[in-house]
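Enquirer: pasting the sequence and the predicted model now:
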Amino acid sequence: MRLAGQSVVIIGAGIAGLALARGLALRGARVRVLEQAPAIREVGAGIQIAPNGARVLRALGLGDDLARIAVQARAVELLNGQTGARVVRMDLTRRAQDGDYHFIHRADLIEMLRAGALAAGAVLQLDTQVASVDLAGDQPRLRMASGADVVAPLLIGADGLHSVLRSTLNGASAPFFTGQVAWRATIAGDGGPAEVQVHMGAGRHLVTYPLRGGALRNIVAVEERSAWAAESWSQRAEHTRFKDAFASFAAPARAWVDQATDAGLWGLFRHEIAENWGKSLPHGAAVLLGDAAHPTLPFLAQGASMGLEDSAVLINLLDSLPMYAALTRYRSLRAPRTARIIAAANANARNYHLSGPARILAHTGLRSLSALAPNLMLRRFDWLYGYDATEAV
């Protein structure tokens, strides 16, 4: 099919959905984005955009905007949480591919993509909730919460973890609690370097980096626990519990936690990668994008970049192949790669939380490896950061 003149409905005005909206509209599609929220508000906190995600933004014509509103990352440091001593430092400027490791506030990225989608000609409808999706006819049909029906010749589900389209294609699923909870907050900036710091401790870790030119500091802190918290981005944490969880950490980390009095708390749940990513109908199709297809835990900072990759691949395939072939190729390209990324994120979660002799051995090995081959740590992820989704067909 060709995208010029094609009518497309996207459910969800998140990162993946808005990036796709801009890309499709630039190819001449008539794009409508349905978002259940009544307004695009400043929600969430920091996001890391690695080179594989930044390439997509640049291909969408948003490279200058990204450079203007993001902090360019210079290094990643892994630290002993209790002592604050450095375990390993990875210099991103040595291995930077296109110099595109960035820290950005989620609200700033969403606004950049929203403006870009509208400028390209996409239409955004807020306060519009999809109640159900019917794929039994010739074209996808949406039943809205208002009671209205909407026919969508090409329907894209970019509606996240609780996607209506995902459940239509795959049935109900039951995520399981990982035994981890996460606090997330932004605090006032302190002039620290443009680096990711990962403070590692037994059964817990804390990640931090600057946002908005250093005006803010992003905090994500994870603790293992048997009791689970509701899977939500808005549940408020008891600050005393947060402080107690990281009381054994060195002074800088404790100071950041002390300031994070308004941290949000959520339980981390693992969702399986969707078995069915799309369905071709006699005169239409439906397909999943981003977290709706492949939810990930946040331990490799790849959630946003995976959604951006999806959008680039799907745009190219839809504009060059017949519908059924495009959907088949899309899943065959994306499912193995996203599975590998998710597995790497899960491995990070384990490695950050080592204790006892295993922790001592691992930290000693990392220090030795860093001294002997300082670029090797990053080279292990060339398969991830060196990928160019804009060329995938």
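Expert: Cool, got the structure. Numbering: from 1, shown residues only.

Enquirer: in three-state terms, label W228 for me.
Expert: Per DSSP: H, G, I helix; E, B strand; the rest coil, the local secondary structure of W228 is coil.

Enquirer: assumed S173 was part of a strand.
Expert: No - counting by three-state DSSP, S173 is located in no strand; its state is coil.

Enquirer: show me what contacts it?
Expert: By CB atoms under 8 Å, 6 or more residues apart in numbering, the contact set of S173 is R166, S167, H271, E272. (Glycine included, C-beta is placed from N, CA and C.)

Enquirer: can you report phi and psi for it?
Expert: phi -130, psi 160 (degrees, to the nearest 10).

Enquirer: which of the contacts of S173 are buried? Put it as a PyMOL command.
Expert: Restricted to buried positions by 16 or more other CB atoms under 10 Å, the PyMOL selection for the contacts of S173 reads:
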select buried, resi 166+167+271
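
Enquirer: could you export the contacts of S173 as TSV, including distance to V151, pLDDT and secondary structure?
Expert: What follows is the contacts of S173, written out as TSV (distance: CB to CB, whole Å; pLDDT from 0 to 100; DSSP: H, G, I helix; E, B strand; the rest coil):
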residue	distance to V151	pLDDT	secondary structure
R166	20	97	helix
S167	20	96	helix
H271	29	89	coil
E272	30	92	coil
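
Enquirer: list just the nearest of the contacts of S173 to A251.
Expert: Using CB to CB, H271 comes nearest to A251 of these, at 37.0 Å.

Enquirer: quick one: residues contacting the closest residue to that closest one other than its chain neighbours.
Expert: Distances taken as CB to CB, 6 or more residues apart in numbering place P295 nearest to H271, at 4.0 Å, with adjacent residues excluded. Applying CB under 8 Å, 6+ apart to P295 gives the contacts L161, P175, R270, H271.

Enquirer: now for the first one: which residues touch it?
Expert: The reference is to L161. So L161 contacts P175, E231, H271, D291, A292, P295 (CB under 8 Å, 6+ apart).

Enquirer: mind running it again at 10 Å?
Expert: For L161, the contact set (CB atoms under 10 Å, 6 or more residues apart in numbering) comprises P175, E231, F269, H271, G290, D291, A292, P295.

Enquirer: now those: which count as buried?
Expert: F269, H271, G290, D291, A292, P295.

Enquirer: CSV for those, including distance to A115 and secondary structure?
Expert: Shown next, in CSV, are those (distance: CB to CB, whole Å; DSSP: H, G, I helix; E, B strand; the rest coil):
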residue, distance to A115, secondary structure
F269, 32, strand
H271, 30, coil
G290, 20, helix
D291, 22, helix
A292, 23, helix
P295, 27, coil
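
Enquirer: which other helices and strands contact the helix or strand harbouring L57?
Expert: Per DSSP states H and E: L57 is located in helix 51-59. For helix 51-59, the contact count by 3 or more CB pairs under 10 Å, 6 or more residues apart in numbering; DSSP states H and E identifies helix 15-26, strand 46-49, helix 63-69, strand 102-105, helix 106-120, helix 303-318, helix 382-385 as packing neighbours.

Enquirer: who are the packing partners of the fourth one?
Expert: Other helices and strands packing on strand 102-105, by 3+ CB pairs under 10 Å, 6+ apart, are strand 46-49, helix 51-59, helix 63-69, strand 71-72, helix 106-120, strand 204-211, strand 216-224.

Enquirer: closest to G386 out of these?
Expert: Across the helices and strands packed on strand 102-105, G386 has its closest neighbour in helix 51-59 (7.2 Å, CB to CB).

Enquirer: so, low pLDDT: which residues of the stretch 151-300 of the chain?
Expert: Applying pLDDT under 70 to the stretch 151-300 of the chain picks out residues 229-237.

Enquirer: need the max-distance pair from the contacts of P295.
Expert: For these, the farthest-apart pair by CB to CB is L161 and R270; their separation is 11.0 Å.

Enquirer: identify the contacts common to the two.
Expert: P175, P295.

Enquirer: and the gap between the residue nearest the centre of the chain and T338?
Expert: In the chain, the centroid-proximal residue (CA atoms, centre = their mean) is G303; its distance is 2.1 Å. G303 sits 10 Å away from T338, going by CB to CB, to the nearest Å.

Enquirer: now do the shared contacts for those two.
Expert: Joint contacts of G303 and T338 (CB under 10 Å, 6+ apart) are G290, H294, P295, T296.

Enquirer: the nearest residue to the second one once chain neighbours are set aside in helix, strand or coil?
Expert: What that stands for is H294. In space, and not counting its chain neighbours, H294 is closest to T338: 4.0 Å by CB to CB, 6+ apart. Recorded secondary structure, T338: helix (three-state DSSP).

Enquirer: how many residues are close by T338?
Expert: Neighbour count for T338, taken as other CB atoms under 10 Å: 22.

Enquirer: check contacts around it.
Expert: I273, A274, G290, A293, H294, P295, T296, Q302, M306, G307, E309, D310.

Enquirer: what of G179?
Expert: G203, E223, E224, R225, S226, A227, W228, G267, L268, A349.

Enquirer: and for A117, the neighbour number?
Expert: So A117, with other CB under 10 Å, has 27 neighbours.

Enquirer: what pLDDT does it get?
Expert: Listed pLDDT for A117 reads 98.

Enquirer: residues contacting it?
Expert: Neighbours of A117 in contact, by CB under 10 Å, 6+ apart: 10, 13, 17-26, 31, 33, 60, 123-124.
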